[in-house]
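Okay, structure incoming, though there's no sequence with it:
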């Protein structure tokens, strides 16, 4: 069975600073990986996804993530954050055999001026 | 397409009452997911369907919860009887093959 671990429940950062949100997964089969963002009182919106190919994936709003198979990680990065990036970020995994999509517990990114 | 549509957006009910949450997936999507989100437990997968068939309901908390998908354009999640601990935001999501899941706006359920 798959599982996802997001190591940081909260990440405070100042505006224009770089940020990395960590995600590790476990699975016995090959996986697809996703990052979603949730703004207050809204549903989840896809930031980026890794299905195959290049391990560096670029998404919306200037975010990117790198798939590292040996470390079973899929960390999310942004070189310079904005106040508007304040939100909850979820890492998710599904395997090649099923559509079952499992989420991590989320990381709250708080950007301060 | 209007996206995944959930109704109602908010539901307040008394303990012991039956609650039915509704979801209309995106047309052409063949997988549908029901999630529950709480502060304590985060985003939990309750059940998912593929081509209208329940594939994995291991996340359904107990027999009070049931879900159906009578056709490709409609699904329900029912709680009977409801309890205060069921208070949460319930999300429906749909996807096509193994592409990303699209989420509805959620139903905020409060059981008093």
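Thanks, I have it. Not measured: the values here are computed from a predicted model.

tally of neighbours for the residue in chain A positioned nearest to chain B?
With Cβ to the nearest Cβ, the shortest gap between chain A and chain B falls at residue A:43, namely 3.7 Å. Backbone N, C-alpha and C define where each C-beta goes, glycine included. Neighbours of residue A:43 under the rule other Cβ atoms under 10 Å in any protein chain shown: 21.

tell me which element the residue nearest the centre of chain A is part of?
Central residue of chain A (Cα atoms, centre = their mean): residue A:35, 3.5 Å from the mean position. Residue A:35 belongs to strand A:31-38 when assigned by DSSP states H and E.

cool, residue B:28 as well?
Using DSSP H and E, residue B:28 falls outside every helix and strand.

Pull up the residues of chain B that are close to chain A.
Counting by Cβ under 8 Å from any Cβ of the partner chain, the residues of chain B lying close to chain A are B:4, B:31, B:33, B:35, B:42-43, B:45, B:48, B:50, B:55-56, B:91, B:93, B:95, B:97-106.

Which among these count as buried?
B:4, B:31, B:33, B:35, B:42-43, B:45, B:48, B:50, B:56, B:91, B:93, B:95, B:98-106 (16 or more other Cβ atoms under 10 Å in any protein chain shown).

give the contact list for residue A:103.
By Cβ atoms under 8 Å, 6 or more residues apart in numbering or on different chains, the contact list for residue A:103 reads A:4, A:36, A:90, A:91, A:92, B:35, B:42, B:43, B:45.

again, 10 Å this time
Residues in contact with residue A:103 (Cβ atoms under 10 Å, 6 or more residues apart in numbering or on different chains) are A:4, A:6, A:34, A:36, A:44, A:90-93, B:35, B:37, B:42-45, B:101.

repeat for residue B:6
Residue B:6 touches A:43, B:21-24, B:75, B:77, B:90-93, B:103-107, counting by Cβ under 10 Å, 6+ apart.

Pick out whichever of the residues you listed sits closest to residue A:26.
residue B:93 (22.3 Å; Cβ to Cβ).

Which of the helices or strands spans the residue nearest the centre of chain B?
Central residue of chain B (Cα atoms, centre = their mean): residue B:34, 3.5 Å from the mean position. Residue B:34 is located in strand B:31-38, with elements delineated by DSSP H and E.
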